[in-house]
Every structure is written in C-alpha cells, then in structure tokens.
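S.K.: Take a look and give me a structure for this.
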Amino acid sequence: MTRPRHAALPCSPSATDGTAARGRRTGLRPAGTKGSVLIVALMISALIAVALGSYINLNLGSARLARRSFHQQAAFNLAEAGAEEALWSFNQAALASPAAWTDWTDDGSSAWRKFDGFSFGAAATGSVKVYIDNKAPAAGVRPRIIAQALVEAPGESGVTKMLEITLARRSLFANGLMARNSIRFSGTRTSVDSWNSDPDSNAATAAIPYSVPVRNDRGTVASMSVLNTAVLVQQATVWGYVSTGGEQPAVGTQGLIGPFGTPAGTIHPGRVATDFNADLPSVALPAGGTVLASVGATLGTLGTTTSWRIPGIALRGRDTLTILGDVTIILTGGPGTRALDVTGNASIIIAPNSSLKVYAEGDILIAGNGLANPNHQPVSAQFWGVGEPVMPQTIHLAGNGALKAVVYAPYADVQINGNGDVMGSVVGNTITLNGNADFHYDESLANLTDNQPYGVVRWRSLATRDEQAPYRDALGRF
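M.R.: Model (predicted):
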C-alpha cells in the first residue's frame with residue numbers, strides 16, 4: 001500500500017519545548033525564580049541582622065540602666081552612712097568622748113568631713129561629703145546633717161544623692177504609757193487622753209493644769225510585745241493611739257480606741273499600729289549626794305537644788321515627808337529590798353514650786369495617802385528605776401487625789417492605784433492601772449530630753465537644684 005503524497009510528516013519537537021520538557025522531568029525552576037528566592041533570603045537576613053542589633057542594643061541599654069540604678073542605690077546608701085557617722089559623733093560628744101569629732105574640720109559652729117575610697121566594683125568608686133550646720137547646739141535647737149554622696153565610673157556621668165537629716169534629743173517619755181511587755185487596764189471606767197502643760201515650751205510662763213477644756217485626743221499607749229496580750233484595753237476608753245509590737249490590742253464591748261466621738265466597742269483603724277519598737281536604755285544610779293542616816297519631816301530648802309543619798313526611806317502611820325526646793329534622793333538599797341516604803345496614812349508632799357527625783361534599785365511602794373503634788377506639771381515628781389533584767393523591780397504608786405508623776409523603770413512591774421486622775425507618763429516592763437483612774441498624758445514630756453542621745457526627727461532627699469542651693473557653698477569648701 002502506497003503512502004499518500006500530501007500526508008503530513010510527524011513534527012519533531014522544538015528546542016524550546018524540549019528544554020521545558022526536560023525541565024519538567026528534572027524539577028529545575030526557571031532562572032528568574034532562583035533570583036527571587038535569593039532576594040527574599042537576603043531580605044530575611046537583613047531583618048534578622050536588624051532585630052539582632054536591636055536586641056543587642058536593648059541588652060546594652062538595660063545593662064547601663066541596671067548599672068546606673070545600682071550606682072544610684074549605692075550613692076543613697078553612702079549618703080545615709082555619712083549621716084550615721086555624724087549622728088555617732090553627736091552622741092559621742094554628748095557623752096564627753098574625746099573621739100567624738102576626730103578628723104572633722106570645724107569653724108567653731110559648723111563641722112564637715114569627707115569620706116572616700118569606697119569601691120563598688122567594675123572600677124566604680126564613691127565618696128561622701130558630710131556637713132553639720134550646728135556642731136554644739138543649745139538646748140532646744142535642732143541641728144541638721146547634710147550628706148552628699150557621689151558614685152563615679154569610667155565613661156559614665158557620676159551619680160549623686162543628697163540628704164538632709166534633722167536631729168533632736170530623744171525623750172524617754174514620748175508616750176503616755178509604754179511597756180516592754182503588757183499594759184493592762186483593770187478598771188471598768190478607765191480613760192486615757194492628753195493635754196500640754198507647757199504649750200509654748202517656755203519654762204518661764206505659767207504651766208497649764210489639766211482640765212476638760214484643754215484636753216486632747218492624743219493619749220498614747222505602746223507596748224513592744226508581739227503577743228495578743230500586749231495591750232489589754234478591755235473596757236477602757238483610749239482617746240488617742242495604741243501601738244504594739246505585732247498584734248491588735250484587745251478591746252471590750254465598752255472600750256474604744258480613737259479620736260473624740262469614736263463609739264464604744266470600736267477601734268479607729270488610723271489610731272492603731274502593730275510595728276512598734278523603742279530603745280529603752282538602762283539608767284545608772286547617780287554618784288554623789290550628801291549621805292543621810294535618816295530623814296525628818298522635811299528635806300531640802302526652797303529655791304535650792306540639793307542631792308541626798310540614803311539606803312532607804314520608810315514612812316509609817318501619819319508620817320509625812322515634805323520636799324522643799326529641787327530635791328534628788330538616791331536610794332542605795334540593793335535589788336530585792338524595799339527602798340521606799342510609804343504605808344498607812346503616811347505621805348510624801350512636794351511643796352509648791354518644788355520638785356522631787358528619786359533613783360532606786362530596790363522596790364518602791366507609795367500607798368497610804370500616797371504622793372501629794374500640787375504642782376501642775378507631772379515632771380515635778382520623777383521616779384527612776386535602775387533595776388536590771390536579772391532582778392526586776394516593783395513600783396506601786398498611789399496618789400492623794402490626783403497623782404502627778406513620771407516613772408521610768410524599763411525593768412520594773414509598775415502598778416498605778418486609785419480612782420482619781422493620774423497625770424504624766426509611765427515607762428515600765430509591765431504596767432497595770434488598777435481602779436478607775438483616768439490617765440492624762442502630758443504632751444510637754446516629749447520635750448524632756450536632758451542628757452538623752454540624739455535621734456532623727458526629719459529626713460528628706462534633696463533632689464532639685466533649689467533644694468540643694470542652700471548647702472552648695474558649704475559643700476563646695478571641701
């Protein structure tokens with residue numbers, strides 16, 4: 001059979017079609033596609049590089065901030081340390097220590113010193129300048145400490161902190177009733193409030209007696225104990241504040257703690273604190289004093305300051321001892337003895353414009369007609385217990401009408417007896433108010449700072465140029 005003359009012959013594939021066919025068989029992409037993949041890969045690499053660079057910069061920035069924050073805290077601590085050095089010097093000077101102001105420079109009133117050579121690692125160093133505006137303040141004057149700390153590191157700007165610390169002598173009678181352990185109100189109608197017998201802080205002006213028109217709701221009751229028996233307010237009315245070392249005070253259905261107007265059975269939340277602590281230093285038996293074998297009906301002379309030394313005093317029956325002038329009695333009877341014993345109808349009478357200070361290691365009992373003190377200020381009758389923890393004291397006081405006195409005996413069990421008014425301040429190991437006495441804290445006792453150490457009454461950071469300006473010249477001198 002012959003083939004047709006005009007039949008089409010089979011066509012061989014073109015080169016292009018062959019290449020495409022081979023491409024499909026081998027899986028290769030066209031050259032244009034490979035270029036796109038490379039561009040995308042380069043862009044992703046660039047993004048990763050940018051992100052990595054940002055992350056590294058962030059870490060470096062965080063490290064710098066952390067280091068600067070560390071330096072700021074170090075400067076703050078350094079400034080506080082400088083202020084502590086100045087406070088130590090003040091209190092050493094109060095004790096007449098020759099080392100008090102060693103290495104300080106002064107111009108007669110102000111004093112200054114620079115402490116340096118502190119290292120904080122990574123080549124960071126620190127120094128602190130301390131300036132005192134009044135090195136030997138008069139009574140009632142509050143000196144100030146200015147501490148300026150500088151922490152420097154290579155390649156960084158320095159960090160400074162400046163503090164202003166105001167000092168004042170501490171008072172052992174900053175509270176109305178203050179105990180190491182418990183305070184107990186045993187009466188059913190006991191109350192606590194306050195007044196100020198010397199509102200102008202001027203001894204030359206007449207003292208203000210307690211009365212309802214001048215009373216305040218700032219009576220203070222404080223215990224360092226962390227137990228729930230620290231302050232047993234029970235049915236007492238506390239117009240003021242209560243502080244304990246850790247637990248809420250116990251209040252009965254008729255008791256209360258708060259400002260005037262607080263209803264019975266309630267505690268005002270702003271008038272209770274549970275983080276109280278205090279330093280109650282021991283008191284030493286004073287030296288000196290004229291030795292007595294016995295006492296008569298009077299002791300001392302009006303308008304005169306006298307000091308007497310005797311093992312003990314016992315008043316019986318209708319005995320009276322009248323105190324004339326400013327009298328100090330040092331009772332040398334040892335722990336466990338009855339150093340002062342007033343019983344029966346006997347009494348101690350403090351004459352007008354007179355005062356009494358009693359120091360004792362032994363026990364004190366003033367019962368009978370008790371202590372008669374017509375002076376308006378409780379500070380005119382002071383009882384100082386010098387007992388130690390190994391041999392605690394007992395101090396029992398009763399008043400003839402109103403009992404006006406202050407007691408400082410941090411290791412004594414103190415009992416206040418009576419149904420009248422008790423005015424002043426009491427510091428003891430335990431304190432018990434028997435009867436239905438009303439206790440009135442004399443706020444002026446917070447200023448009774450004789451021979452007491454200095455403490456901080458105001459603290460502030462000087463952060464702005466205006467706050468720092470008053471001290472710039474003084475600190476620039478050294």
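
S.K.: Now do the strands in the stretch 251-400 of the chain.
M.R.: 256-258, 272-273, 290-291, 298-310, 313-315, 320-331, 338-342, 347-350, 355-360, 363-372, 381-385, 393-399 (DSSP state E, counting those that start in this stretch).

S.K.: Which residues does the third one contact?
M.R.: So that's strand 290-291. With contact meaning Cβ atoms under 8 Å, 6 or more residues apart in numbering, strand 290-291 is reached by 306-310. From N, CA and C alone the C-beta is placed, and that goes for glycine too.

S.K.: Among these, which one sits closest to A446?
M.R.: Using Cβ to Cβ, S307 is the member of the contacts of strand 290-291 that lies nearest A446, at 26.3 Å.

S.K.: contacting residues around that closest one?
M.R.: 286, 288-290, 327-328, 330.

S.K.: likewise A474?
M.R.: 110, 112, 131, 133, 146.

S.K.: Columns pLDDT and secondary structure on top of the residues you listed, output as a markdown table?
M.R.: Formatted as a markdown table, the contacts of A474 follow (pLDDT from 0 to 100; DSSP: H, G, I helix; E, B strand; the rest coil):
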| residue | pLDDT | secondary structure |
| --- | --- | --- |
| S110 | 94 | coil |
| W112 | 96 | strand |
| Y131 | 97 | strand |
| D133 | 93 | coil |
| I146 | 97 | strand |
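
S.K.: In JSON lines, list these along with distance to L280 and neighbour count.
M.R.: Compiled in JSON lines, the contacts of A474 are given as follows (distance: Cβ to Cβ, whole Å; neighbours: other Cβ atoms under 10 Å):
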{"residue": "S110", "distance to L280": "33", "neighbour count": "15"}
{"residue": "W112", "distance to L280": "34", "neighbour count": "20"}
{"residue": "Y131", "distance to L280": "32", "neighbour count": "21"}
{"residue": "D133", "distance to L280": "30", "neighbour count": "19"}
{"residue": "I146", "distance to L280": "31", "neighbour count": "24"}
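
S.K.: ok, of these, which one's closest to A405?
M.R.: D133 (37.5 Å).

S.K.: Give me the spatial nearest neighbour of that closest one, chain neighbours excluded.
M.R.: Nearest residue to D133, sequence neighbours excluded (Cβ to Cβ, 6 or more residues apart in numbering): R144, at 4.8 Å.

S.K.: S444 now?
M.R.: S444's closest residue in space is D198 (Cβ to Cβ, 6+ apart), at 3.9 Å.

S.K.: Am I right that G158 is in contact with V151?
M.R.: Yes. Judged on Cβ atoms under 8 Å, G158 makes contact with V151 at a distance of 6.5 Å.

S.K.: More neighbours: which of those two?
M.R.: Per other Cβ atoms under 10 Å, whichever of G158 and V151 has more neighbours is V151, with 26 against 14.

S.K.: residues in contact with Y210?
M.R.: 195, 197, 376, 421, 423, 440, 442.

S.K.: can we see that at 10 Å?
M.R.: For Y210, the contacting residues are 193-197, 376, 378, 402, 404, 421, 423, 438, 440-442, by Cβ atoms under 10 Å, 6 or more residues apart in numbering.

S.K.: Can you verify it is assigned to a strand?
M.R.: No. Judged by DSSP: H, G, I helix; E, B strand; the rest coil, Y210 forms no part of a strand; its state is coil.

S.K.: one step back: looking at the contacts of Y210, which are in strands?
M.R.: 193-195, 404, 421, 423, 438, 440-442 (DSSP state E).

S.K.: what's the closest of the contacts of strand 290-291 to R316?
M.R.: Using Cβ to Cβ, I310 is the member of the contacts of strand 290-291 that sits closest to R316, with 16.3 Å.

S.K.: Who is that closest one paired with across the strands?
M.R.: L331 (DSSP bridges).

S.K.: Buried residues in stretch 62-82, which are they?
M.R.: Using 16 or more other Cβ atoms under 10 Å as the burial criterion, the residues of stretch 62-82 that qualify are 67, 70-71, 74-82.

S.K.: Of these, which belong to helices?
M.R.: Residues of the buried residues of stretch 62-82 located in helices (DSSP state H): 67, 70-71, 74-82.

S.K.: picking up where we left off before, of the contacts of S307 - the most surrounded one?
M.R.: I330 (25 neighbours).

S.K.: low pLDDT regions in the stretch 1-150 of the chain?
M.R.: 1-34, 58-61, 63 (pLDDT under 70).

S.K.: can you rerun that using 90?
M.R.: Applying pLDDT under 90 to the stretch 1-150 of the chain picks out residues 1-72, 91-98, 108, 121-123, 136-142.

S.K.: any chance you could map the helices in it?
M.R.: All helices of the stretch 1-150 of the chain, identified by DSSP state H, counting those that start in this stretch, fall at 15-26, 31-94.

S.K.: and those, which is most packed in?
M.R.: Highest mean neighbour count among those (mean count of other Cβ atoms under 10 Å): helix 31-94, with a mean of 14.

S.K.: Packing partners of it?
M.R.: Counting contacts by 3 or more Cβ pairs under 10 Å, 6 or more residues apart in numbering; DSSP states H and E, helix 31-94 packs against strand 111-119, strand 125-132, strand 144-152, strand 159-169, strand 454-461.

S.K.: can you list the weak-confidence ranges in the stretch 251-400 of the chain?
M.R.: For the stretch 251-400 of the chain (pLDDT under 90), the answer is 277-284, 334-336, 344, 367-370, 387-392, 397-400.

S.K.: Which residues are in contact with the nearest residue to G362 once chain neighbours are set aside?
M.R.: Distance criterion Cβ to Cβ, 6+ apart; nearest residue to G362, sequence neighbours excluded, is A339 at 3.2 Å. By Cβ under 10 Å, 6+ apart, A339 lies in contact with 310-314, 329-333, 358-365, 385, 393, 395.

S.K.: now the residues you listed: which count as buried?
M.R.: Among the contacts of A339, the ones that count as buried by 16+ other Cβ under 10 Å are 310, 313, 329-333, 358-365, 385, 393, 395.
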